[in-house]
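In: mind looking at a prediction? Sequence and model below.
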Amino acid sequence: MSSNSGNDHAENFLLFAIVGGLILAGVLYVFYLFLPYLIFYILPFVVGSLVVGFILRLAGEPGDGVLSLSRYRVVVVAYAFCLLVVCITCFSNVTRAWVIDKNGKSTGQVILDWPKVNQYFNQWRSSTYAGSPFDSLKRSAQTGVIYDRLEVGWILLCFLFLGGPAFYYWLSRNDPDKVNAVVEGLVDERVKSQRNQLKNKEDNLNQIIESNKAALKVQIRDLEKVRSELLAENQSLKAKLEFAPEVPRPSEAVEPSKKGVLDRDLF
């Protein structure tokens, strides 16, 4: 039983070592295979995406004022400028051409733009593949690959259309909250200003009312004084009228025939 168990453990260990070795070999093969493309394709894509994203962010970052809350016009102009630069740099007057013989068959030679860039890429790729432990990659190291101005242009277009806008979208993820905060601040400031104006108007109205009340109180005091004087004069006239002798009215004058003996005119 113990020998069988030991054999089982040895077989499992051997199987594990074989599977682990195959997985490690596969990882190394993929690493060596894609390392040149990682350096010359993925890395420029990532760096270009960051640059374009930062440019668009600087152009479109909302400010604290009313006119700078939405800066989409500046973003559009900046993006169009980046696109124009890429098109002029990498796609204008492209001279890539395949060389053919007099029978119209391809000779395998290609006329490229930026031949030094293509030479540097192929040298780096060949040295990487030649230093790998895999024969298939060493054979591939002897085969050249086109990497010129047109390839660089396609990389630039990829991060200009994909990576840059995606990174800009990530950078601007908190813009709605910032815009809401700015709008609320502007509203509070506007409301505060209007409240101050209303308070000033209310204070002015209170001053006008108080001044009018003071004037009315002075007028009322003068009227009360005049009323008191009139009442006093009225009381005085009533007193004089009460103690004054009676004076016959014209309609109550005594006729001569009814006069007394002493009232008659003897002469």
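Out: On my side now, so go ahead.
In: what's the burial count for Val46?
Out: By the criterion of other CB atoms under 10 Å, Val46 has 14 neighbours. C-beta coordinates here come from the backbone N, C-alpha and C atoms, glycine included.
In: nearest residue to it other than its sequence neighbours?
Out: Spatially, and ignoring its direct neighbours in sequence, Val46 is nearest to Gly163 (7.0 Å; CB to CB, 6 or more residues apart in numbering).
In: assumed that neighbour was part of a helix.
Out: Yes: according to DSSP: H, G, I helix; E, B strand; the rest coil, Gly163 belongs to a helix.
In: surely it touches Val47?
Out: No: the criterion here is CB atoms under 8 Å, and Gly163 misses it with Val47 at 9.4 Å.
In: just checking, Asn122 touches Tyr147?
Out: Yes: counting by CB under 8 Å, Asn122 does reach Tyr147; the two are 7.1 Å apart.
In: compare those two (neighbour count), which wins?
Out: Shown here are Asn122 and Tyr147; by other CB under 10 Å, Tyr147 has more neighbours (23 against 17).
In: am I right that that one is in a helix?
Out: No: counting by three-state DSSP, Tyr147 is located in no helix; its state is coil.
In: surely it touches Ile39?
Out: No: here Tyr147 lies out of contact with Ile39, judged by CB under 8 Å, at a distance of 11.2 Å.
In: pLDDT averaged over the longest helix seen in the chain - what is it?
Out: Scanning the chain for the helix with the most residues, using DSSP state H, yields helix 175-243. Taken as a whole, helix 175-243 has a mean pLDDT of 83.
In: could you list the low-pLDDT ranges of this structure?
Out: Scanning the chain for pLDDT under 70 picks out the ranges 1-9, 65-68, 96-110, 243-267.
In: that's all I had, so thanks and see you.
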